[in-house]
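Q: build me a model:
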Amino acid sequence: MEKVVLASALAEVTEHWRPRVVGELNGQEVRLVKFAGEFIWHRHESEDEMFLVLKGRFTMEFRDRKVKVEEGEFLIVPRGVEHRPVAADEVDVLLFEPATTLNTGNIIDAHTRRHLEHI
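A: Sure thing, here's the model as predicted:
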């Protein structure tokens, strides 16, 4: 049992859109990711995702609306809902999701990370 110092762990996250695992519990993973710009439209058929903004802000786009998520706020995207995170500037995000969650959901492309590195 070791504590996680988020600032230190985030310093090891150097590429956008490449989540890193910082903890595991009950089949879930705690992941850190930095992103900027637009991600791809995708959905997760079997998994919900939680996005907690640690630093910065981003907009979660859905086909019918947009939700702005600020520092200190989180958003849960229910399974099966198509979405796309967009950030004008770099944002630091903590993800909480099942370990089986593929970062690009139903889409396989250059952003897909099948095996995540642990910090």
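
Q: mind checking how far stretch 112-119 is from the chain centre?
A: Computed by Cα atoms, centre = their mean, to the nearest Å, the chain-centroid distance of stretch 112-119 equals 12 Å.

Q: ditto for stretch 41-54
A: Stretch 41-54 has its C-alpha centroid displaced from the chain centroid by 7 Å (Cα atoms, centre = their mean).

Q: cool, and stretch 19-32?
A: Its chain's C-alpha centre and that of stretch 19-32 lie 11 Å apart, by Cα atoms, centre = their mean.

Q: pop out the phi and psi values for residue 17.
A: Backbone torsions for residue 17, taken as degrees, to the nearest 10, come to phi 60, psi 20.

Q: I meant to write residue 104 there.
A: phi -100, psi 10.

Q: what about the closest residue in space to it that isn't next to it in sequence, neighbour count?
A: Excluding the flanking residues, the one nearest residue 104 by Cβ to Cβ, 6 or more residues apart in numbering is residue 112, at 4.5 Å. The C-beta positions use only the backbone N, C-alpha and C, and glycine is treated the same way. Neighbour count of residue 112, defined by other Cβ atoms under 10 Å: 13.

Q: was I right about residue 112 contacting residue 106?
A: No. Contact criterion Cβ atoms under 8 Å: residue 112 and residue 106 do not qualify, at 10.7 Å.

Q: what's residue 33 in contact with, if anything?
A: Shown in contact with residue 33 (Cβ atoms under 8 Å, 6 or more residues apart in numbering): 13, 17-20, 92-93, 95.

Q: tell me where the chain has helices.
A: Assignment of helices within the chain using DSSP state H yields the ranges 6-11.

Q: mind checking the longest strand of it?
A: The single longest strand within the chain, with elements called by DSSP state E, is strand 83-98.
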